[in-house]
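Asker: Return a 3D structure for these sequence lines:
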Amino acid sequence: MNLKDIDLLDADRFVRMEHHEMFTVLREESPLFWHDHPDGLGFWNVVKHADVRHVNRDNELFSSEAGGISIENYAEEPDNGAHVDQRGLNMLYTDPPKHTRYRRLVNKGFTPRMIGLLEQFLANRTKLIVDNVIEQGEADFVGDLAAELPLQAIAEIMGVPQEDRHLLFKWSNDLIGTDDPEFKGDPLVAAMELYSYTHELAAQRGIDPQDDIITKLINAEIEGDRLTETELDLFMMLLAVAGNETTRNATSHGMYALLTHPEQFALLQSDIDTYIDSAVDEIIRWATPVLHFRRTTTAPTELLGKEIQKGSRVVIWYISANRDEEVFDDPFTFDITRSPNDHIAFGGGGAHYCLGANLARAELRLIFREIVERIPDMRLAGEPDYLRSNFIGGIKRLPVIWTPGPKS
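Answerer: Residues are numbered from 1 along each chain as shown. Below you'll find the model as predicted:
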């Protein structure tokens, strides 16, 4: 493969896992790569670890709010009913100081006490998730195991009754699966249904407060400042997608990696207390569920010796940075003992560092511990079915089998 073969807009190439080869070429030959776009504007691509981290942290020059986080130019277009301008309203689409204000408000729902209580709840739920399938000896790992814990976690955080959690599953799939023929729903309808559901929950919590995040958020106040209704809607949408899709896909990629690297699975089984933390970070690096975010330059600048005009689209590829040969020894080797492991799957620090990073790690520790201890002979029964997307590194299905065992 050479530079003329690079096409980062072709989602089918991500399904075929060709993107790793494309990014290897770019890291070596063109670490700041100009890519044409059908709309005529084109976009810059940042693929090296240090450069991705630099752009990610410089919110003043490389803005999330100026143009949004998508390669496409939805944010600059008038609202046509299919895409709503979220700039300045959704936490992902803001820059400091607005982002700082937003984060201070929503942090009210992510206190150490709440996360500690949630971990206790999830430890029990993880046992029940495995109980639901262990006697069968077979499952779709994604739907039956990987999806369940983050769904139940995010439902508990949001205050959504557990019996409604699969509504979150459907809405999040509709919102992120727009390039996949199977998942391609109507994102506007999904967003409107989620907003309506949020309004009902908020109204209920106004009358009957609970120990959940929506109660915290509708009452969160700093110096008289509160979230507006639109900001609450968009944050709940962010929670439904980011808290569900990312951890589900990290879990799925992680299990596939363990099953296709049986020596690593055996090592984790040999001493889970020693290896679980480093295994979780290697799974997160390996999976990198959010493949990229886009920034927009607020002034003319120079990067890697190239002039970039004001208003240019700059796309930072986390999936490439996490395979950077200058940072990771043998980056295409899955190694649960990897240390150091300076992956940037959570954003590489700065204002936009993932709010749910600690929760995601906790969920991964719980589900993999339960699987290692109770289903040690899990093995593949087929190949993964990948999500068609150049934004989310997703697995839709992963068939697995094992020797049936008893419920806990």
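Asker: who are the neighbours in contact with residue 172?
Answerer: Neighbour list for residue 172: 240-241, 244-245 [criterion: Cβ atoms under 8 Å, 6 or more residues apart in numbering]. From N, CA and C alone the C-beta is placed, and that goes for glycine too.
Asker: Now render the residues you listed as TSV, adding pLDDT and distance to residue 106.
Answerer: Written out in TSV, the entries for the contacts of residue 172 read as follows (pLDDT from 0 to 100; distance: Cβ to Cβ, whole Å):
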residue	pLDDT	distance to residue 106
240	82	14
241	82	15
244	82	17
245	85	19
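Asker: Of those, which is the nearest to residue 11?
Answerer: Out of the contacts of residue 172, the one with the shortest distance to residue 11 is residue 245. That distance is 15.8 Å, counting by Cβ to Cβ.
Asker: Just to be sure, that closest one is in a strand?
Answerer: No. Under the criterion used here (DSSP: H, G, I helix; E, B strand; the rest coil), residue 245 is helix, not part of a strand.
Asker: That one is in contact with residue 392, isn't it?
Answerer: Yes. At 6.0 Å, residue 245 counts as touching residue 392 under the criterion of Cβ atoms under 8 Å.
Asker: who touches both of the two?
Answerer: Common contacts of residue 245 and residue 392, defined by Cβ under 8 Å, 6+ apart, comprise 176, 289.
Asker: Tell me which of those two has more neighbours.
Answerer: The neighbour comparison of residue 245 against residue 392 (other Cβ atoms under 10 Å) goes to residue 245, with 24 against 21.
Asker: show me the contacts for that one.
Answerer: Applying Cβ under 8 Å, 6+ apart to residue 245 gives the contacts 172, 176, 289, 392, 394.
Asker: Lowest-confidence one in the residues you listed?
Answerer: By pLDDT, residue 176 ranks lowest within these, coming in at 78.
Asker: list the contacts for the residue nearest to that residue when sequence neighbours are not counted?
Answerer: Taking Cβ to Cβ, 6 or more residues apart in numbering as the measure, residue 176 lies nearest to residue 392, with 5.2 Å between them; neighbours along the chain are not counted. Residues counted as contacts of residue 392 (Cβ under 8 Å, 6+ apart) are 176, 245, 249, 289-291.
Asker: Quick one: distance of the host helix or strand of residue 203 to the chain centre.
Answerer: Using DSSP states H and E, residue 203 falls within helix 187-207. With Cα atoms, centre = their mean, to the nearest Å as the basis, helix 187-207 stands 22 Å off its chain's centre.
Asker: Quick one: list the elements packing against whichever helix or strand comes after that helix.
Answerer: Following the chain from helix 187-207 toward its C-terminal end, the next helix or strand by DSSP H and E is helix 213-219. In terms of contacts (3 or more Cβ pairs under 8 Å, 6 or more residues apart in numbering; DSSP states H and E), helix 213-219 is packed against helix 148-158, helix 187-207, helix 229-260.
Asker: measure stretch 55-62 end to end?
Answerer: Stretch 55-62 has an end-to-end distance of 6 Å (criterion: Cα to Cα, to the nearest Å).
Asker: show me where pLDDT drops low in the stretch 201-350 of the chain?
Answerer: Counting by pLDDT under 70, the ranges of the stretch 201-350 of the chain that qualify are 222-223.
Asker: returning to that earlier point: so which of the contacts of residue 392 is surrounded by the most neighbours?
Answerer: Ranked by neighbour count under the definition other Cβ under 10 Å, the contacts of residue 392 are headed by residue 249 with 26 neighbours.
Asker: Show me the helices in the stretch 51-200 of the chain, by range?
Answerer: Under the criterion DSSP state H, counting those that start in this stretch, the stretch 51-200 of the chain carries helices at the ranges 98-106, 112-134, 148-158, 165-176, 187-207.
Asker: can you pull the buried residues of the longest one?
Answerer: By that I understand helix 112-134. Using 16 or more other Cβ atoms under 10 Å as the test for burial, helix 112-134 gives 114, 118-119, 122, 125-127, 129-130, 133-134.
Asker: now that helix and helix 148-158, what's the angle there?
Answerer: Put simply, helix 112-134 runs at 140 degrees to helix 148-158, going by axes from the mean of the first three to the mean of the last three Cα atoms, to 10 degrees.
Asker: tell me which residues in stretch 362-381 are buried?
Answerer: For stretch 362-381, using 16+ other Cβ under 10 Å, the buried residues are 362-372, 374-375, 378.
Asker: Could you dump those residues into TSV and include pLDDT?
Answerer: As requested, those are arranged in TSV below (pLDDT from 0 to 100):
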residue	pLDDT
362	91
363	93
364	96
365	96
366	96
367	97
368	98
369	97
370	97
371	97
372	97
374	97
375	97
378	98
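Asker: what's the closest of the residues you listed to residue 343?
Answerer: When those are ranked by distance to residue 343 (Cβ to Cβ), residue 364 comes first, at 13.2 Å.
Asker: could you list every residue that touches the closest one?
Answerer: Taking Cβ under 8 Å, 6+ apart, we find residue 364 in contact with 247, 250-251, 254, 280, 283-284.
Asker: about what we covered before: which of the buried residues of helix 112-134 lies closest to residue 206?
Answerer: After measuring the buried residues of helix 112-134 against residue 206 - Cβ to Cβ - the closest member comes out as residue 114, at 19.4 Å.
Asker: Quick check: the closest one vs residue 154, distance?
Answerer: 13 Å (Cβ to Cβ, to the nearest Å).
Asker: Residue 388 too?
Answerer: Taking Cβ to Cβ, one finds residue 388 at 24 Å from residue 154.
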